[in-house]
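> Pasting the sequence and the predicted model now:
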Amino acid sequence: MPRLFTLKEALAILPDVRELVVRARKQGRDYADAERQLASAVATVRGNGHSGRALREAQERMARSSGKFQRTIQDLESLGCEIKDLEMGLVDFRSSRDGREVYLCWRLGEDTIAYWHELDAGFTGRQPLG
């Protein structure tokens with residue numbers, strides 16, 4: 001069962017959410033770089049059978065990057081919020097409004113949680129709190 005947040009509860013964890021989203025975005029870019037490095041090393045090995053060391057190093061970097069990224073995502077999820085779009089830094093907090101479940105919506109770069117939307121509306125359906 002998803003956690004339901006009051007606005008006050010969501011705001012209380014927002015600093016942690018912000019920090020984890022920033023970290024996850026950086027780790028996601030690091031992972032993508034490691035993936036490209038691994039693909040390049042695989043192509044080199046296939047092409048001439050050499051550079052086994054580079055391949056091992058790329059595999060190790062990829063494993064480290066993946067592990068860090070997954071741990072950060074798990075840390076975010078353990079707070080009870082839902083990551084909707086990591087590149088946008090878009091995070092929702094399930095809440096209750098007028099007797100129905102909705103999302104409190106926050107995006108990286110916003111100072112506070114100032115929007116909400118229906119569960120099926122998404123980012124484009126955001127409405128100001130108030």
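Looks like it came in fine.
> Can you read off the pLDDT for the residue positioned nearest the centre of the chain?
Most central in the chain under CA atoms, centre = their mean is residue 86, positioned 4.0 Å from the mean C-alpha point. Residue 86 carries a pLDDT value of 94.
> Contact partners for the closest residue to residue 62 other than its chain neighbours?
Excluding the flanking residues, the one nearest residue 62 by CB to CB, 6 or more residues apart in numbering is residue 34, at 4.3 Å. Any C-beta I mention is one placed from the backbone N, CA and C, and that applies to glycine too. The contact partners of residue 34, taken as CB atoms under 8 Å, 6 or more residues apart in numbering, are 58, 61-62, 64-66.
> Produce a PyMOL select command limited to the buried residues of those residues.
The buried residues among the contacts of residue 34 can be selected in PyMOL (16 or more other CB atoms under 10 Å) with this line:
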select buried, resi 58+61+62+65
